[in-house]
Each structure stands twice: as structure tokens, then as C-alpha cells.
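Engineer: This is a predicted model, with the sequence first.
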Amino acid sequence: MSATTPGLVDDTLARMAAAWNAGDAAAYASLFTADATYVAFNGQMMRGRTAIEDGHRWLFEGPLRSSRMTHAAGTAAAEHHIRFIRPDVALVHTAGGGVQLAGTAELTPDRESVVSLVLVEDGGSWQIAAFQNTRRQHAGPKP
């Protein structure tokens, strides 16, 4: 693992937020491996880059039009932990944000998420192989 590897993972997360915030389904999906799995907050599973792009195109043109991702690197609410399983495989957990709906002044607690990602490096580029979004629960003691 090179000294720049964590920065490259951060860059991938920042590009993910930028693509979401631009409403660009093709750019968003391009960050995923061809055979990636994507589990949304409600348990819906998408398999493969094409399904991820199609699903997000529908979201960006419909219910999540002009929404903002606030939990990836490069955003104000970013809080993430990177653990390298191997030099070319990273497990990433992000917290402290979610998707802020258009027309809202801030992220509401019911939209806060914790996201788990598995990133793989191939030829100097990091791609997302697995994505799991879980809505944050605010009851009980804080971890």
C-alpha cells in the first residue's frame, strides 16, 4: 500500500458525492465494478453497474432530484474509517450524513445513514465492489 492509497480512496468517495450531487447516474455508476452489489437503505438490492445506473437515473430524475449526498469524503459531514484488508481491498464505513432532500435546509435525522463499502484497486484506480446503506437509529445508547 502506497502512502497515497488512503487519499485515492478518499478521492473515490468525493467523486461519488460529486456525481450524486450533479444527478449524474452514469458518472455515479462508473465508480462501481461491473459486478458490484448495491443495497439501498430499504433493502432493495441492485446487481451490476447497469442496474446501479438505471436505478439511480430513475432516482435522480424523480424522487431524489436535486438531492445532496452529505456523507462522503469532501462533504462537510464526512466521518469515515478506512481499513485495508489487503493493499488492493479497502473496507470503508461512513457516518454523520446521508441524502438531504431538495428544498430542505439541512439533513433531517430520519435520513441519516451509515454506509459500508468494499473498494478494490485495479491498475491504480479504486472502484466500489459492494455498497450497503443503513439508516441510522437514534434510540438507545450511542456507540
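Structural biologist: Thanks, I have the structure now.
Engineer: From here on, just use CA atoms for contacts and neighbour counts.
Structural biologist: Fine.
Engineer: any chance you could map the helices in the chain?
Structural biologist: 5-22, 25-29, 49-61 (DSSP state H).
Engineer: Nearest to Gly103 among those would be which one?
Structural biologist: Among those, the nearest to Gly103 by C-alpha to C-alpha is helix 5-22 (13.7 Å).
Engineer: For the closest one, name the packing helices and strands.
Structural biologist: helix 25-29, strand 68-69, strand 125-135 (3 or more C-alpha pairs under 8 Å, 6 or more residues apart in numbering; DSSP states H and E).
Engineer: Averaging pLDDT over each of the ones you listed, report the lowest-scoring one.
Structural biologist: Among the helices and strands packed on helix 5-22, strand 68-69 carries the lowest mean pLDDT, a mean of 87.
Engineer: Tell me which strands it pairs with, and in which orientation.
Structural biologist: Here strand 68-69 is paired, per DSSP bridges, with strand 89-100 (antiparallel).
Engineer: Brilliant, that's me finished.
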